[in-house]
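Chemist: Following is a predicted model, sequence given first.
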Amino acid sequence: MAEAAVPARRTGGVAAPGLPSWSGTALRVVVSIAVTLFGLMALTFFIGRMLPLDPVTAILGDNATQEAIDAMRAQLGLDQPLWIQFGRYVGDILRLDLGTALTTGKPVLDDIARVFPATIELATVGIVIGTALGIPLGVMAAAYRDTPVDYFVRVFGLLGYSTPNFWLGLMGLVLFYATLGWVGGPGRIDTAFQWDVEPVTDLLLLDTAMAGQWEIFRNVLSHIILPASILAFGALAYISRMTRSFMLEQLSQEYVVAARVKGLSWMRTVWVHAFRNVAVQVVTVVALAYAFLLEGAVLTETVFAWPGFGRYLTNALLAGDMNAVVGCTLLIGIIFVALNLLTDLLYRLFDPRTR
Amino acid sequence: MSASTSLGSWLRAPIPASPFQARMQALWLGWRRLRSNPPALAGAILLLLLLATATFAPLIATHDILAQDLTVRLQKPSSTHWLGTDDLGRDIFSRVVYGSRITLYIAFLAALIAAPLGLIIGTTAGYLGGWADTILMRLVDIFLSFPSLILALAFVAALGPGIENAIIAISLAAWPPIARLARAETLTVRKSDYIAAVRMQGASRMRIIVHHVMPMCIPSVIVRITLNMAAIILTAAGLGFLGLGAQPPSPEWGAMLSTGRQFVMNAWWIAAIPGCAILLTSLAFNLFGDGLRDIMDPRHG
């Protein structure tokens, strides 16, 4: 009976009383981000400090004396109560200090800044390929529903969902690099060219193009094309599947019939009328696919010896370097939250139906 | 002949006479829907084959999976070694066969941990509402802020490598979407008349959640976890590949791929074969999961 008295309250959708709706929304978003970031920090803190792998052993090894262990515990602040440790952890993060990586001896944030451009370049080329193929495939599958076109796209998508990308990378290297010689091998660039590029943005394609070094540009392209295509495969599966289902929803609407009755061609109806209505949804899907590419990059980079974020994280994992692992995890979490927020914002800005 | 006709009419009777008959009729209907959905049927058959392989692995395997013989290392597929041998001269076919046990063990155990955890948290949040809902769903959001592979990697890094830790890590990364799904399902039933009726009979909240809300969520959770199995298998293989999951000499497919990687330029089949096994298994779960969704939930059909 007590439950019946509880009003059926659902959060969301209502602005704080007394505030105009936009500032109410903004306030709610800010609070929600703050809570989420706090949660991210709590979770990474938990992973870094409370689980079995002891950071002191990781630094000193198994044979350290008790005094050395105590001294290191004090130095790391591990002798303090947990909530003080957590406070310090949060304080350090707010000062952009993620600690020192054991593997490189440098601040984790510097390391990440150094390796990140390689991953961004890889993921960006990947998302360009995935989007350029995924959207047309998804639209055509919906436009020709239950025909061979549709079956092909769906099977292709299923394969994209089911294939381990690190395995595909290995097989791609064997076939296209070792056997056919069509693409460059592991790494971002041939070692012969390694010192010829002036690092401006650290995005090698951009740097070489700006410097007019077209020979090196082609070399970089031959290195990036295979890992980027393999990453794109997964993104393509996701983008084409979502595009297809958005389009199917639109194509069942009456305005589509109306456009056809007026004499528009099927392709014009599909692309100009229906696709325009799903464009914003598709953009948000692409943004999410980009975030998932960063995840896929961890394994792909390992296979291709790509000196990026994923390989840095893998090396840290294998070395038990918790500062680097926690730093990377936190950063990926923040990027994920930011991309989600961006897609939300895109909806609000460009889709009048959400206002 | 007459027995099969009477069985058919018993299964097709418009009004079932007993709960048992009703259940059998539902199963029969599901089977007929599955039969008319070739991709789902293909997935189901693949999964059955996989289960049979795992169950009868000792009978199917042609060699001892741990027996090393350096005189026959890196052999191409032949009549003695159907899929060739690896760098230590072990028979790859037998290892892949035994590897199916490990993969299914990881996938089912991870699903058995993640599904109930997600179900309990999701239904509790959805039914209780208010603060419980806010806090639990905030927790879900935080877990969902990480890509599942990254989260699993971080947990494994902290827990240490190994197959059990990999299962824990994968489960910890897999429950939040299920909780969200279960909550959404709960919200659709919590205002129903039958819930109100049970409540008026004096059932406790706990009893309502467990006996009257959860059963309504189970079909969609099963569909979701079947689809998730594909991702779980890929994550487990990825962990094995990175050396953080099952450890050598275990014939786990990801770990086999990882050793095969060092010899891939000379002996590509060492890496190719376990990868195909991973792909087929993951594909089977995806096909079957998609079909199951169509069967159990005609709304999305």
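Modeler: Received it, and whenever you're ready, just let me know what you need. Numbering: from 1, shown residues only, chains lettered A, B, ... in the order given.
Chemist: Quick one: the helices in the stretch 1-150 of chain A, in order.
Modeler: Here the stretch 1-150 of chain A has its helices, by DSSP state H, counting those that start in this stretch, at A:2-5, A:21-49, A:55-60, A:66-76, A:82-94, A:108-143, A:148-162.
Chemist: Out of these, indicate the one that is most buried.
Modeler: A comparison of those by mean neighbour count, using mean count of other CB atoms under 10 Å in any protein chain shown, puts helix A:108-143 on top with a mean of 21. In short, each C-beta sits where N, CA and C put it, glycine included.
Chemist: what about that helix, near chain B?
Modeler: No - legend: contact between helix A:108-143 and chain B by CB under 8 Å from any CB of the partner chain is lacking; minimum distance shown is 12.4 Å.
Chemist: doesn't B:A57 make contact with B:R101?
Modeler: Yes - with contact defined as CB atoms under 8 Å, B:R101 reaches B:A57; the gap is 5.8 Å.
Chemist: More neighbours: these two, which one.
Modeler: More crowded of B:R101 and B:A57, by other CB atoms under 10 Å in any protein chain shown: B:A57, with 18 against 15.
Chemist: was I right about the more buried one contacting B:G99?
Modeler: No - judged on CB under 8 Å, B:A57 makes no contact with B:G99 at a distance of 9.0 Å.
Chemist: can you give me the offset of the helix or strand that contains A:F233 from its chain's centre?
Modeler: Per DSSP states H and E, A:F233 falls inside helix A:214-251. Computed by CA atoms, centre = their mean, to the nearest Å, the separation of helix A:214-251 from the middle of its chain amounts to 14 Å.
Chemist: Tell me which of the helices of the stretch 1-150 of chain A approaches A:R188 most closely.
Modeler: Evaluated over those, closeness to A:R188 peaks at helix A:108-143, with 6.1 Å, by CB to CB.
Chemist: I'd like the distance between the residue nearest the centre of chain B and A:V325.
Modeler: In chain B, the residue lying closest to the centroid (CA atoms, centre = their mean) is B:M229, at 3.1 Å. Using CB to CB, to the nearest Å, one gets 27 Å for the distance from B:M229 to A:V325.
Chemist: Same question for A:E295.
Modeler: Going from A:E295 to A:V325 by CB to CB gives 15 Å.
Chemist: Those two: which has the busier surroundings?
Modeler: Taking other CB under 10 Å, A:E295 and A:V325 do not tie; A:V325 has more neighbours (28 against 22).
Chemist: contacting residues for the more buried one?
Modeler: A:47-48, A:313, A:316-317, B:153-154, B:157-158 (CB atoms under 8 Å, 6 or more residues apart in numbering or on different chains).
Chemist: Just give me the least confident of the residues you listed.
Modeler: Lowest in pLDDT among these is A:G48, which has 77.
Chemist: any idea how far that residue is from A:L226?
Modeler: Distance from A:G48 to A:L226, by CB to CB: 35 Å.
Chemist: How about B:T235?
Modeler: Taken as CB to CB, the span from B:T235 to A:L226 is 23 Å.
Chemist: Then A:F275?
Modeler: From A:F275 to A:L226 the distance is 31 Å (CB to CB).
Chemist: Check A:Q80 too.
Modeler: 49 Å.
Chemist: more neighbours, these two?
Modeler: A:L226 (24 against 14).
Chemist: Could you verify my assumption that that one touches A:V303?
Modeler: No - with contact defined as CB under 8 Å, A:L226 does not reach A:V303; the gap is 9.9 Å.
Chemist: Nearest residue to the residue nearest to the spatial centre of chain A in space, please, no chain neighbours.
Modeler: Nearest to the geometric centre of chain A sits A:A291, at 2.1 Å (CA atoms, centre = their mean). In space, A:A291 comes closest to A:L339 once its chain neighbours are excluded; the distance is 4.7 Å by CB to CB, 6 or more residues apart in numbering or on different chains.
Chemist: What strand or helix carries the one you found?
Modeler: helix A:322-350.
Chemist: buried set for that helix?
Modeler: Residues A:322-334, A:336-337, A:339-340, A:342-343, A:346-347 are the ones in helix A:322-350 that count as buried (16 or more other CB atoms under 10 Å in any protein chain shown).
Chemist: same question, stretch A:257-274
Modeler: Buried, per 16+ other CB under 10 Å, within stretch A:257-274: A:259, A:269-270, A:273-274.
Chemist: In those residues, find the pair that's most separated.
Modeler: A:A259 and A:V270 (9.5 Å).
Chemist: How far does stretch B:280-294 sit from its chain's centre?
Modeler: The answer for stretch B:280-294 is 10 Å, by CA atoms, centre = their mean.
Chemist: That one near chain A at all?
Modeler: Yes - interface with chain A: stretch B:280-294 contributes B:282-283, B:286-287, B:290 (CB under 8 Å from any CB).
Chemist: between those, which is closest to A:A141?
Modeler: Closest to A:A141 out of those is B:D290 (14.7 Å), distances taken as CB to CB.
Chemist: what angle sits between the helix or strand hosting the closest one and helix A:148-162?
Modeler: B:D290 is part of helix B:269-296 when elements are defined by DSSP H and E. Angle of helix B:269-296 versus helix A:148-162, following axes from the mean of the first three to the mean of the last three CA atoms, to 10 degrees, is 120 degrees.
Chemist: hang on, the earlier thing: residues contacting the residue nearest to the centre of chain B?
Modeler: Per CB under 8 Å, 6+ apart, neighbours of B:M229: B:107, B:111, B:285, B:289.
Chemist: quick one: which of those residues is most hemmed in?
Modeler: B:F285 (28 neighbours).
Chemist: Might one say that that one is in contact with B:T226?
Modeler: Yes - if you go by CB under 8 Å, B:F285 and B:T226 touch, sitting 6.1 Å apart.
Chemist: Around chain A, pick out the residues from the stretch 151-300 of chain B.
Modeler: B:151, B:153-160, B:191, B:199, B:205, B:230, B:234, B:237-238, B:241-244, B:254, B:257, B:260-261, B:264-265, B:268, B:271-272, B:274-275, B:278-279, B:282-283, B:286-287, B:290.
Chemist: so which strand or helix has the residue lying closest to B:G240 once chain neighbours are set aside?
Modeler: In space, and not counting its chain neighbours, B:G240 is closest to B:G254: 2.5 Å by CB to CB, 6+ apart. Element membership for B:G254 (DSSP H and E) is helix B:253-262.
Chemist: tell me what that helix is packed against?
Modeler: Judged by 3 or more CB pairs under 8 Å, 6 or more residues apart in numbering or on different chains; DSSP states H and E, the packing partners of helix B:253-262 are helix A:165-172, helix B:92-128, helix B:214-242, helix B:269-296.
Chemist: what is the orientation angle of the last one with helix B:92-128?
Modeler: Relative orientation of helix B:269-296 versus helix B:92-128 (the same axes, to 10 degrees): 40 degrees.
Chemist: avg pLDDT for helix B:269-296?
Modeler: Averaged over helix B:269-296, pLDDT sits at 89.
Chemist: now the angle from that helix to helix B:214-242?
Modeler: Using the same axes, to 10 degrees: helix B:269-296 against helix B:214-242 is 170 degrees.
Chemist: Now do helix B:269-296: distance to the chain's middle.
Modeler: Centre to centre, stretch against its chain (CA atoms, centre = their mean), the figure for helix B:269-296 is 10 Å.
Chemist: do stretch B:201-214 as well
Modeler: So, by CA atoms, centre = their mean, the centroid of stretch B:201-214 is 28 Å from its chain's centroid.
Chemist: in it, what's buried?
Modeler: Quick answer for stretch B:201-214 (16+ other CB under 10 Å): B:203, B:208-209, B:212-214.
Chemist: Between these, which sits nearest chain A?
Modeler: Among these, B:I208 lies closest to chain A (CB to the nearest CB), at 9.0 Å.
Chemist: Quick check: that closest one is in a helix.
Modeler: Yes - using DSSP: H, G, I helix; E, B strand; the rest coil, the assignment for B:I208 is a helix.
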